[in-house]
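Engineer: Here is the input, now give the coordinates:
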Amino acid sequence: MKIQLNTSNNSANDASNNATNEDIPEETIKPSEENTIEKLNKEIKSLKDQVLRSLAEEENVRRIARRDVENARAYANTSFAKAMLEIADNLESALKVDVNNYPPEKSLQLVIEGISMTEKNLQKAFRKFGVVKYGSVGDVFDPSIHEVFFQIPDPSKPVGTVGQVMKTGYKLNDRVKEQLK
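Structural biologist: Okay, the predicted model is just below:
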């Protein structure tokens, strides 16, 4: 191995060292310096490899996270949809009942019972997923969760209370989704 030194005439050190543009024999490089250079080159190679591996791992994490978010969006409502399908099946079964086989009073009673059971199942499914019904007659009026259509003068109730519910209100995890009307 040979190293070439370039010298310039402008340098003060050049004159004092009497260095010329000659090849320096390999013997002048100390073995410890050669070992140090070799170690540093190995360390550089190792660090480059670590950086490349870290970048690849980071990209894999991003790709997996992106896929997980897409799956969460696509299938987030699976359990809710399943609960709603059970209720839809109940409604479909109720509609298949031939009420003509029963006397009129019994037919009406069966329809009311079926609707009542379906509504109970619907409310149960809603609660399971954080949807809760709120508000009733006599509640204190709150403009952030109630919508007023008109005021009814009623001396038997305090001013500012709900007098009649036109449409039930619902909250999803404490956030109003349908205002009470």
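Engineer: The most centrally placed residue in the chain and Ala81: what is the separation?
Structural biologist: The residue lying closest to the centre of the chain (CA atoms, centre = their mean) is Val69, at 6.3 Å. For Val69, the distance to Ala81 (CB to CB, to the nearest Å) stands at 19 Å. (Glycine included, C-beta is placed from N, CA and C.)
Engineer: What of Lys177?
Structural biologist: 17 Å.
Engineer: for Thr36, same thing?
Structural biologist: Thr36 sits 67 Å away from Ala81, going by CB to CB.
Engineer: what do you get for Tyr170?
Structural biologist: 18 Å.
Engineer: More neighbours: which of the two?
Structural biologist: Neighbour count, other CB atoms under 10 Å: between Tyr170 and Ala81, Tyr170 has more, with 17 against 11.
Engineer: Are we agreed that that one is in a helix?
Structural biologist: No. Assigned with DSSP: H, G, I helix; E, B strand; the rest coil, Tyr170 falls outside any helix and is strand.
Engineer: What pLDDT does the model give it?
Structural biologist: The model reports Tyr170 with a pLDDT of 86.
Engineer: Verify the stated contact: it with Phe129.
Structural biologist: No. Counting by CB atoms under 8 Å, Tyr170 sits too far from Phe129 to count as a contact (11.3 Å).
Engineer: State the distance from Lys167 to Arg67.
Structural biologist: Lys167 is 41 Å from Arg67, by CB to CB.
Engineer: try Val159
Structural biologist: Taking CB to CB, one finds Val159 at 57 Å from Arg67.
Engineer: just Ser107 next, same as before
Structural biologist: The gap separating Ser107 from Arg67 is 53 Å, by CB to CB.
Engineer: Ok, Ser116 next?
Structural biologist: Separation of Ser116 from Arg67 (CB to CB) stands at 44 Å.
Engineer: same check, this time on Leu47
Structural biologist: On the measure of CB to CB, Leu47 and Arg67 end up 31 Å apart.
Engineer: likewise Ser93?
Structural biologist: Counting by CB to CB, the gap from Ser93 to Arg67 is 39 Å.
Engineer: One more: Lys39?
Structural biologist: As judged by CB to CB, Lys39 and Arg67 stand 42 Å apart.
Engineer: now Leu108
Structural biologist: Note on Leu108: its distance to Arg67, by CB to CB, is 54 Å.
Engineer: now do Val140
Structural biologist: Taking CB to CB, one finds Val140 at 48 Å from Arg67.
Engineer: where does this structure dip in pLDDT?
Structural biologist: By pLDDT under 70, the low-scoring segments of the chain are 1-31, 178-181.
Engineer: Which helix or strand contains Ile44?
Structural biologist: Assigned by DSSP states H and E, Ile44 falls within helix 31-75.
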